[in-house]
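# Have a look; sequence and predicted model below, questions after that.
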Amino acid sequence: MKTASWLKAGLLGIVLSSNIANAPSKSHLSLLDKSKPHYSQFEKNLLLIANDNTYAFSNSLDVLVLEKEKWHSIFSNDSTNTIIYDTKTSEVLDVRPTVFAQTQEERNKIVLDSLQSIFLGGFLPKNEFLNLYEKVPTQHEINVDVLNKIHQEFLGIKMPEQKSKRPIGMVFGKKHKITDGITRMSPFIEYYLKRLDEKNMHPNFLVIPLIESSYNHKAKSRANAVGAFQITYHTGKDLGLTISRQRGGVRVYDYRRHPLEAFEKSSDYMKRLEDITPKFKFLAPIKYNYGPNRRVFKNLKTPKQALEVIANLNKETKNYLPEILAVQEVLHDLIIAGYWNGFIPEKIKISKLEKTIGIKEVKEELNVEREDFLKFNPQYEFPNKNIDYKISKGRKIILPAD
């Protein structure tokens, strides 16, 4: 049996095991729990992604557990809520309605109002708190000495002497990053899961583009990583993706943006990373983000050692694994809550061009409007509508299904 043959197994009431030998086979499709709510095929596909715990880590490392809980709070709230957390420990301190500030001064007042509630239970009048906060040297940080003074002067409480600060982070909820990303992914999900099954890979690989770009195939990062899978120019070339030269700041075709080709190359890359350290599959996404050949990954013998390495990496990389697990949990919650009830994803078909055609010929040759062609084929960018850009024979293109 293929390692990933359980990809198509029913997931109603099932939490997938990371022990593949004991995983349900495809024949279990007939054994779905009839007492559970009916799920569409699309929702079943999403449950495959949400319930695969391949990259799960042990709860013994508190710093990662708190980080996962923070990201769960971020991804389960939309932008009408603000999550306030301790940037040192990642502990979520408060979730409160977002007040959109027009100026930095207004934002500071919102921050202070929240901090007052968090640390003082609302006992201190805001104006007195603001006066004391002026002595804090760094914005958005609560100085323990100032807190001591607050307690001593207004509450009559003597606090233990401390020299550290408690840095506070604030971030808007990002639920839309998941919901928008799933909508963008929906036309391709059946293709993705089928190919992952054929590659003996795990479906939660599909969480990575949700985090990287919210499945925006046109995305471009500050580091010039491009596409849903956020591939840099040199990595794209190394992976064999076709990338045209820039002309006037535009690449007419860039297969880092191709929904299928970029998936194929990035999933192959992830598979190689998983196969390098089969005992520590949860390290694969970390290496995907951080680089596979770093010295810190050498000579790891136990999962605990690997987790301790992760906990000491830079902030972005340390967050990566907890983000994946948090997104899976939130995705599962949204499905159970019926968020995608009645949602029907667009269907696609994949074709190879039998001859070279111009963009002005797509309607006649392919029976599709220019706008729809570019929507399903974001690898192309044709900025000048007066130029009949050519699409070469043999190119793999995506079309809306009939």
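Yes, it's here.
# can you confirm Y215 is in a strand?
No: in this structure, Y215 is coil, not part of a strand, as judged by DSSP: H, G, I helix; E, B strand; the rest coil.
# any idea of the pLDDT on it?
Confidence at Y215, expressed as pLDDT, is 96.
# Report how many residues lie close to it.
23 (other Cβ atoms under 10 Å). To be clear about C-beta, it is placed using only N, CA and C from the backbone, and glycine gets the same treatment.
# can you check N312 too?
For N312, using other Cβ under 10 Å, the count is 9.
# domains of the protein?
Residue ranges for the domains of the chain, per automatic domain parsing: 5-61+176-336, 79-172, 348-400.
# now do the same end-to-end measure for the last one.
I take that to be domain 348-400. From its first residue to its last, domain 348-400 covers 4 Å (Cα to Cα, to the nearest Å).
# coming back round to it: in JSON lines: the domains of the chain, plus distance to K70.
As requested, those are exported to JSON lines (distance: least, Cβ to Cβ, whole Å):
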{"stretch": "domain 5-61+176-336", "distance to K70": "8"}
{"stretch": "domain 79-172", "distance to K70": "5"}
{"stretch": "domain 348-400", "distance to K70": "32"}
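# looking at those domains, which is buried most?
domain 5-61+176-336 (a mean of 18; mean count of other Cβ atoms under 10 Å).
# how far is it from where the chain is centred?
Computed by Cα atoms, centre = their mean, to the nearest Å, the chain-centroid distance of domain 5-61+176-336 equals 9 Å.
# Also stretch 54-71?
Worked out by Cα atoms, centre = their mean, stretch 54-71 lies 16 Å from the chain centre.
# measure that stretch end to end?
19 Å.
# next one: stretch 359-373
Stretch 359-373 end-to-end distance (Cα to Cα) = 9 Å.
# Which residues does it contact?
By Cβ atoms under 8 Å, 6 or more residues apart in numbering, the surrounding residues in contact with stretch 359-373 are S351, I357, Y380, F382, D388, Y389, K390, I391, I397, L399, P400.
# let's see it at 10 Å
For stretch 359-373, the surrounding residues in contact (Cβ atoms under 10 Å, 6 or more residues apart in numbering) are 252, 346, 351, 353-355, 357-358, 374-377, 380, 382, 385-391, 397-400, 402.
# Could you measure from Q379 over to E364?
Separation of Q379 from E364 (Cβ to Cβ, to the nearest Å): 21 Å.
# out of everything not next to it in sequence, what's closest to the residue nearest the centre of the chain?
Compute the mean C-alpha point of the chain, and by Cα atoms, centre = their mean the closest residue is I211, 1.5 Å away. With Cβ to Cβ, 6 or more residues apart in numbering as the criterion, I211 has its nearest non-adjacent residue at 5.1 Å, and that residue is E323.
# just to revisit the earlier point, check the domains of the chain for me: which has the lowest mean pLDDT.
When the domains of the chain are ranked by mean pLDDT, domain 79-172 comes last with a mean of 62.
# how long is that one from one end to the other?
Domain 79-172: ends 5 Å apart by Cα to Cα.
# ditto for stretch 182-198
From its first residue to its last, stretch 182-198 covers 22 Å (Cα to Cα).
# How about stretch 376-392?
17 Å.
# gap between it and the chain center?
Offset of stretch 376-392 from its chain centre (Cα atoms, centre = their mean): 29 Å.
# hmm, back to that, element containing the residue nearest to I211, please.
helix 315-336 (DSSP states H and E).
# next one: L399
Counting by DSSP H and E, L399 is part of strand 396-400.
# Contact partners for E261?
Applying Cβ under 10 Å, 6+ apart, the residues contacting E261 are G227, G236, L239, G240, L241, T242, Y255, Q379, K396.
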